[in-house]
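In: From the sequence below, what's the structure:
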Amino acid sequence: MSSKTYSSVWEAIEANPADAENMKLRSKLMMALDQHIRAKGWTQSEAASQLGVTQPRISDLLRGKINLFALDTLVNMLVAAGLQIEIRITEAA
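Out: Residues are numbered from 1 along each chain as shown. As a prediction, this is how the structure comes out:
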């Protein structure tokens with residue numbers, strides 16, 4: 001039996017490298033939002049109001065339901081939270 005090493009869980013789960021990269025980005029944005037909401041001490045209702053979404057969307061976010069969030073939605077929520085996103089692009093290994 002051979003074993004294969006992956007650089008991230010998303011590469012192990014997603015067969016397509018582009019899909020894996022998309023999942024990695026969404027995951028990072030969702031974690032940043034989760035940390036921000038917790039640092040502010042917002043309830044789900046307060047977070048929803050601040051981020052311009054519904055309380056059930058915040059619940060989905062905090063429960064890590066990554067497949068329910070597109071990158072553009074997460075970017076909009078981060079901007080509404082007053083956060084700035086920086087992108088670094090490098091050559092693939």
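In: per-residue pLDDT, residue 25?
Out: The model reports residue 25 with a pLDDT of 94.
In: let me fix that: residue 4
Out: At residue 4, the pLDDT recorded in the model is 66.
In: Distance of residue 20 relative to residue 49?
Out: 34 Å (CB to CB, to the nearest Å). The C-beta positions use only the backbone N, C-alpha and C, and glycine is treated the same way.
In: Which of these two has more residues huddled nearby?
Out: residue 20 (19 against 14; other CB atoms under 10 Å).
In: what's the helix or strand encompassing the more buried one in contact with?
Out: Following DSSP states H and E, one finds residue 20 within helix 17-40. The set of residues external to helix 17-40 that reach it, using CB atoms under 8 Å, 6 or more residues apart in numbering, is 8, 10-11, 13-14, 46-47, 50-51, 58, 61-62, 64, 66, 69-71, 74-75, 77-78, 81, 83, 85, 92.
In: all helices of the chain, in order?
Out: Secondary structure of the chain (DSSP state H): helices located at 9-13, 17-40, 44-51, 55-62, 71-80.
In: pLDDT at residue 20, what is it?
Out: 87.
In: typed the wrong thing, it's residue 10
Out: Reported pLDDT for residue 10: 53.
In: for residue 14, same thing?
Out: 60.
In: tilt between the helix holding residue 20 and helix 44-51?
Out: In terms of direction (axes from the mean of the first three to the mean of the last three CA atoms, to 10 degrees), helix 17-40 departs from helix 44-51 by 110 degrees.
In: Could you give me the buried positions within helix 17-40?
Out: 20, 22-27, 29-30, 32-34, 36-37 (16 or more other CB atoms under 10 Å).
In: hang on, the earlier thing: any chance of the helices of the chain in TSV with distance to residue 3 as columns?
Out: Shown next, in TSV, are those (distance: least, CB to CB, whole Å):
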stretch	distance to residue 3
helix 9-13	11
helix 17-40	18
helix 44-51	41
helix 55-62	34
helix 71-80	32
